[in-house]
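Enquirer: What would the 3D arrangement of this be:
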Amino acid sequence: MKHRFEGYLRVGITMLVAGLLWCSGADKEVMAKPRAKKIRVDASKQLLINKKEKKRLKIKVTPKKASKAVSWTSSRKKVVSVTKKGVIYGKRYGKATITARALDGSGKSARIQVQVGRKIAKIEIPTTTLNLDVGAKASVKPNITPANATRKKIKYTSSNKDVVSVSSTGVVTAKADGTASITISTTDGSGKKEVCKVQAVIPSESVTVNTDNTERRISTGESLQIRASVQPTNASNTELRFVSTNPAVASVSEMGKVTGVAPGTTTIRVDAADGRSTASIDVEVYKMELKNEKLIAHRGFSSQAPENTTAAFQLAVDNGFWGVECDVRKTLDDEFVIMHDADLSRMCGKSWTLANLDITQLKTCNIVSGNNIEKYPDLKVPTLKEYLQIMATSDTIHPFIELKEECSVDELTTLVELVESYGVLGRTYFISMHQSNLLALKEIEDVKKNQLQYVYGAESGNKTTAVDNSIIEWCIQNAIDLDARHTLISPSDVSRLHEGGRRVNVWTVNALDKAYNLVTNANVDMITTEYMLNS
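Expert: Numbers count the residues shown, from 1 in each chain. Sure thing, here's the model as predicted:
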């Protein structure tokens, strides 16, 4: 018992002395704070520093209110030294363990291994921007300076892994349309990093020019709209660029509108904006001309003067029309006069029936409507004689006399004799919707077969009905030409009539392009129009 008591006494005295020594130190605050339960150095487990580099180490203590007073020691002072405040200094290449020990008597400590080596001073990546097709790969692995750096491990991260992923070795893979940033950073504590911006795209594979764009032949001044699209439809860039290989022949707008400039052929190239695919079409430009075609002035030059008037007839002659058409009716006293309608309401503003008026009464009426009527204040309904007087002033004009009413043989004979008296019978054409008039005229001496034309498409029963086989056969069998509404006749109809020895006149064609197509594609022989279509 005595020996055991002496042992306890010695331990108690030792602890008391240690306590007094601890309390006698300058750091009296340590006594007031709780002891550390855990202590660690706030740095990586293996710290790399350069030779001659200084770095202050920090500690973290649990609980937070515990004293942070520690003592620092180095296992190899010749490699790494450490100050009382935890500042380490790399002295020569090698490794050392730095220990931080709590001074609160808790006995807690922390260790960190420090290596004196060579940190990475610089990293260089192949490029800071990348454009990759979806599914394509590229490397952003950097070059490291110095080449003998101690720790060369590089960390790769993507700002959007769904768009662009990156492997641990720096291989970038484009996964979806979009952009992402790849960050390449060192792991040795040097803090070096580079960023590569990656644009992932779905490239165009082809350009499709719409198949409904079949008309690739245009006249000068005419336009053609090219409609095209990029395939696949989910390509990143679906915009198109249009280029004419010969802009002197045809120009093309940014939206694909081609305009004819001069006769010739050019290729219109349609490029995908990403430069990965293209398509092209050839466009022919022609000059639309009807210089040698037989143009017949419908009711005179009726776009410039009131129809069926001496003014319109004279303008037609003066402007070089091949023919001048008029409409003939009879008055109460059997005078042939020029008027399309059976009454005077449209042209003269009077609800009178022409057939109920004699020539004297008719001549009291002024023409009050029609194109440019203000230029012609005193126009009257003309007689056939007045029309023929104007026709007789030209050696080349061809009168076209349309008989609006059914006439007797005697009336037709009188009319033919009247035309002959003005010296123009040999170049006059008689046209009518009444087949009986034409058949009767065939029997009159000096009227030639090629001077007769059957007017089709003017009656209520056939205004919208296409020329059928019976009409064609009637014309061929009776050796009478056809004068048809231009919308009711086809190229095959014209061909059949030509095979049967008959010619075709079409009315009323007021557009140059329509007239050109009827001449070049349907091969019609004459064009009745209200305009001078020659270019």
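
Enquirer: Measure how buried D333 is and give me the count.
Expert: Per other Cβ atoms under 10 Å, the neighbour tally for D333 reads 11. Just so you know, the C-beta spots here come from the backbone N, C-alpha and C atoms, and that holds for glycine as well.

Enquirer: G423 too?
Expert: The number of residues near G423, taken as other Cβ under 10 Å, comes to 12.

Enquirer: ok, now R496?
Expert: Counted with other Cβ under 10 Å, R496 comes out at 17.

Enquirer: Please apply the same query to the one 4 residues further on.
Expert: Neighbouring residues of G500 were enumerated by other Cβ under 10 Å; the total is 13.

Enquirer: Check K77 too.
Expert: 12.

Enquirer: what about it, helix or strand, and which?
Expert: Per DSSP states H and E, K77 falls between elements, in no helix or strand.

Enquirer: ok, the residue lying closest to K78 once chain neighbours are set aside - contacts?
Expert: Closest residue to K78 apart from its sequence neighbours, by Cβ to Cβ, 6 or more residues apart in numbering: K91 at 6.1 Å. Residues near K91 by Cβ atoms under 8 Å, 6 or more residues apart in numbering: 51-52, 77-81, 116.

Enquirer: what do you get for K350?
Expert: So K350 contacts 344, 365 (Cβ under 8 Å, 6+ apart).

Enquirer: On the three-state scheme, it is what?
Expert: Under DSSP: H, G, I helix; E, B strand; the rest coil, K350 falls in the coil class.

Enquirer: how near is it to T278?
Expert: Counting by Cβ to Cβ, to the nearest Å, the gap from K350 to T278 is 68 Å.

Enquirer: One more: K257?
Expert: For K257, the distance to T278 - Cβ to Cβ - is 19 Å.

Enquirer: so where do the helices sit in the stretch 401-535 of the chain?
Expert: 409-421, 435-442, 469-477, 491-499, 512-520 (DSSP state H, counting those that start in this stretch).

Enquirer: want to throw those helices into JSON lines with distance to C326 and mean pLDDT?
Expert: Formatted as JSON lines, the helices of the stretch 401-535 of the chain follow (distance: least, Cβ to Cβ, whole Å; pLDDT from 0 to 100):
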{"stretch": "helix 409-421", "distance to C326": "12", "mean pLDDT": "97"}
{"stretch": "helix 435-442", "distance to C326": "15", "mean pLDDT": "97"}
{"stretch": "helix 469-477", "distance to C326": "22", "mean pLDDT": "97"}
{"stretch": "helix 491-499", "distance to C326": "25", "mean pLDDT": "97"}
{"stretch": "helix 512-520", "distance to C326": "21", "mean pLDDT": "89"}
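
Enquirer: Could you say which one of the ones you listed comes nearest to S204?
Expert: Nearest to S204, of all those, is helix 512-520, at 35.7 Å by Cβ to Cβ.

Enquirer: buried set for the closest one?
Expert: 512, 514-519 (16 or more other Cβ atoms under 10 Å).

Enquirer: okay, and for the protein, where does confidence drop off?
Expert: 1-32, 211-215, 534-535 (pLDDT under 70).

Enquirer: any chance you could map the helices in it?
Expert: With helices called from DSSP state H, the chain shows them at 2-23, 29-32, 310-318, 345-348, 359-362, 384-391, 409-421, 435-442, 469-477, 491-499, 512-520.

Enquirer: Which of the ones you listed sits closest to A228?
Expert: That would be helix 512-520 among these, by Cβ to Cβ, at 24.5 Å.

Enquirer: gap between the closest one and the chain center?
Expert: Chain-centre distance of helix 512-520: 30 Å, with Cα atoms, centre = their mean, to the nearest Å.

Enquirer: That helix packs against which elements?
Expert: Helices and strands touching helix 512-520, by 3 or more Cβ pairs under 8 Å, 6 or more residues apart in numbering; DSSP states H and E, are strand 526-529.

Enquirer: List the contacts of the strand it packs on.
Expert: Residues contacting strand 526-529 (Cβ under 8 Å, 6+ apart): 290, 293-298, 322-323, 325, 400, 483, 503-510, 515, 518-519, 533.

Enquirer: Mind checking which of those land in strands?
Expert: Counted as lying in strands by DSSP state E, out of the contacts of strand 526-529, are 294-297, 323, 325, 400, 483, 504-507.

Enquirer: Out of these, which two sit at the greatest distance?
Expert: Spanning the widest gap among those are A297 and V504, at 18.1 Å by Cβ to Cβ.
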